[in-house]
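> give me a 3D structure for the following:
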Amino acid sequence: MTVFEELKRRGLIAQLTHEDKIKELFENERVTFYIGFDATADSLHVGHFLQLMVMAHMQKAGHRPIVILGTGTTMIGDPTGKTDMRKMLTIEQINHNAECFKKQMSRFIDFDDDRALILRNGDWLLPLNYLEFLRDVGVHFSVNRMLTAECFKARLEKGLSFLEFNYMLMQSYDFLHLYKEYNCKVELGGDDQWSNILGGVELIRKSAGKEAYGMTFTLLTTKEGKKMGKTEKGALWLDAEKTSPYEFFQYWRNVGDEDVINCLKLITFVPIEEIEQMESLEGSELNPVKERLAFEVTKLVHGEEAANQALNTAKNLFGVKSDDADMPATKLEDSDFTDGQIGILTLLVKTKLCPSNGEARRLIQQGGVSIDGDKVTDDKLLIDKEKFEKNIIIKKGKKIYHKVTI
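Residues are numbered from 1 along each chain as shown. So this is what the prediction gives:
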């Protein structure tokens, strides 16, 4: 099975500019391709992870990735998918974030012996002469056509700055630069980058008179179309200091029944033939599949030792309780929720784990409360009603467990 067939079969490919030509390239040449990562934070998050998996699939098949760290484009900010303009970062912050990205990416991509390159687009974007750039690059872009792109349309009602309007030109110029300097023929990216990728393909055709190609891959979403990787604490980070391996493991262990097979296809190297055999499973039969997903993804991000520790912790924590038929339980009613939420202090009193709000607050401040293995640190925490649909387990101290249902 070729890498193109592998990506297709896993459902990773969303759109292609020239499907037949890209398929031919991937099957018959050692293709240099690139994906860009704007350095907007000091860690990659799970939204980047799928992109890294695609690069890893391609590299395993013999193709050469170029990772672009957006030390230039981050200074502008991509308006794609944003309701407001991105926060402006200093050059020092951007360079620091880029270094953090570089260290994390080395776990997934082999940069030895020219098998992959990691470049900073600030190296060629920052020295540009603006008037020359407008004459050489801007002349090839139609404002009317740019305004029809999804990345701009969503922002026009609330206001799109001229700064952000330049982003598509910058990203397109990246592709042109890489085509000329490294014979990079394909740009890859998430499906929300389709308009920007088309801009680069067109710029190469108009400016250099050559053919280049673009391919987007499926975004990591639930079956309902919601982006995955958001937790109560914010993003699901790949940095163990920001999201612990156990928290990371538990996120994937708790994905919905309807999403687990798709996640296995998109973000693991479990053989596709094996995954397809799991597609008929349902209900409790999916629990081992979710555990496999959580282990495989945690192993890729944090290493096998951390994945085993997270797995053992989960089994020790939940195995003892789930086997105990006498474990105390509380069933909540609709009247217990306000606007679909219940406060942690109210919940601790309702379950009789604490006699009063004051005692509950002190217990939290002392680090004595966990929910599904995650320590509660905020005594103002609000828990959504939907969290209780699959039950939650509250742990008080070291040995007291309590199940809460609706």
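> parallel or antiparallel, list what pairs with the host helix or strand of residue 36.
Using DSSP states H and E, residue 36 falls within strand 32-37. Take DSSP bridges as the rule and strand 32-37 pairs in its sheet with strand 64-69 (parallel), strand 186-190 (parallel).
> would you mind pulling up the elements that the next helix or strand after the first one packs against?
Note on strand 64-69: by DSSP H and E, the next helix or strand toward the C-terminus is helix 91-105. In this structure, helix 91-105 packs against strand 64-69, strand 117-120, with contacts taken as 3 or more C-beta pairs under 8 Å, 6 or more residues apart in numbering; DSSP states H and E. All C-beta spots, glycine's among them, are computed from the backbone N, C-alpha and C.
> for those strands, which one sits closest to residue 98?
Nearest of the helices and strands packed on helix 91-105 to residue 98, taken as C-beta to C-beta: strand 64-69 at 4.2 Å.
> how distant is that closest one from the center of its chain?
Relative to the centre of its chain, strand 64-69 is centred 18 Å away, using C-alpha atoms, centre = their mean, to the nearest Å.
> same check, this time on stretch 222-238
For stretch 222-238, the distance to the chain centre is 8 Å (C-alpha atoms, centre = their mean).
> ok and the strand holding residue 36 relative to helix 91-105, angle-wise?
Going by axes from the mean of the first three to the mean of the last three C-alpha atoms, to 10 degrees, strand 32-37 is angled at 130 degrees with respect to helix 91-105.
> thinking again about what came up before, export the strands paired with strand 32-37 as JSON lines, with columns for mean pLDDT and distance to residue 299.
Formatted as JSON lines, the strands paired with strand 32-37 follow (pLDDT from 0 to 100; distance: least, C-beta to C-beta, whole Å):
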{"stretch": "strand 64-69", "mean pLDDT": "96", "distance to residue 299": "21"}
{"stretch": "strand 186-190", "mean pLDDT": "95", "distance to residue 299": "24"}
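> between the ones you listed, which one is closest to residue 353.
Nearest to residue 353, of these and by C-beta to C-beta, is strand 186-190 at 43.1 Å.
> could you name the helices and strands sitting against the helix or strand containing residue 48?
Element membership for residue 48 (DSSP H and E) is helix 46-60. The contact analysis (3+ C-beta pairs under 8 Å, 6+ apart) places helix 46-60 against helix 3-9, strand 32-37, strand 64-69, strand 186-190, strand 213-217, helix 260-267.
> would you map out the domains in the protein?
Here the domain parsing of the chain from automatic domain parsing is 3-217, 230-322, 329-405.
> just put those in CSV and tack on distance to residue 223.
Listed next are these as CSV, based on distance: least, C-beta to C-beta, whole Å:
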stretch, distance to residue 223
domain 3-217, 12
domain 230-322, 5
domain 329-405, 15
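> want to throw those into CSV with mean neighbour count?
As requested, the domains of the chain are arranged in CSV below (neighbours: other C-beta atoms under 10 Å):
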stretch, mean neighbour count
domain 3-217, 18
domain 230-322, 17
domain 329-405, 15
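> so what touches stretch 397-406?
Applying C-beta atoms under 8 Å, 6 or more residues apart in numbering, the contact partners of stretch 397-406 are 320-321, 324, 327-333, 347, 351, 353, 368, 385, 388-389, 391-396.
> okay if I get the helices and strands packed on helix 91-105 as CSV plus distance to residue 168?
Shown next, in CSV, are the helices and strands packed on helix 91-105 (distance: least, C-beta to C-beta, whole Å):
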stretch, distance to residue 168
strand 64-69, 15
strand 117-120, 20
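> so what's residue 166 closest to, chain neighbours aside?
Leaving aside its sequence neighbours, residue 166 sits nearest to residue 76 (C-beta to C-beta, 6 or more residues apart in numbering; 5.9 Å).
> my error: substitute residue 383 in the last question.
In space, residue 383 is closest to residue 342, 5.6 Å off (C-beta to C-beta, 6+ apart).
> and the next helix or strand past the helix or strand hosting the one you found?
Counting by DSSP H and E, the element that carries residue 342 is strand 341-343. Next in sequence after strand 341-343, counting helices and strands by DSSP H and E, comes helix 344-350.
> can you tell me what sits against that next one?
Contacts of helix 344-350 (C-beta under 8 Å, 6+ apart): 330, 332, 336, 342, 354-357, 360-361, 363-364, 369, 376, 378-383, 394, 396, 404.
> any idea which helix or strand comes after the lowest-mean-pLDDT helix or strand in the chain?
When each helix and strand of the chain is scored by mean pLDDT, DSSP states H and E, strand 230-231 comes last, with a mean of 68. For strand 230-231, the succeeding helix or strand toward the C-terminus, using DSSP H and E, is strand 234-235.
> ok, residues contacting that following strand?
41, 45, 46, 47, 229, 243.
> in three-state terms, label the last one for me.
When classified by DSSP: H, G, I helix; E, B strand; the rest coil, residue 243 comes out as coil.
> nearest residue to it in space, please, no chain neighbours.
residue 237 (4.3 Å).
> before we move on, the earlier item: the residue nearest to residue 166 and residue 171: what is the separation?
From residue 76 over to residue 171 the distance is 9 Å, taken as C-beta to C-beta, to the nearest Å.
> repeat for residue 306
Residue 306 is 35 Å from residue 171, by C-beta to C-beta.
> likewise for residue 296?
32 Å.
> and for residue 387?
From residue 387 over to residue 171 (counting by C-beta to C-beta), the distance is 39 Å.
> same check, this time on residue 201
Using C-beta to C-beta, residue 201 is found at 11 Å from residue 171.
> which ones are touching the residue lying closest to residue 38 once chain neighbours are set aside?
Leaving aside its chain neighbours, residue 38 sits nearest to residue 70 (3.8 Å; criterion: C-beta to C-beta, 6+ apart). Contact analysis of residue 70 by C-beta under 8 Å, 6+ apart lists 36, 37, 38, 39, 94, 98, 120, 121, 122.
> tell me the contacts of the residue nearest the centre of the chain?
Nearest to the geometric centre of the chain sits residue 47, at 1.4 Å (C-alpha atoms, centre = their mean). By C-beta under 8 Å, 6+ apart, the contact set of residue 47 is 190, 220, 227, 229, 235.
> alright, I will stop here.
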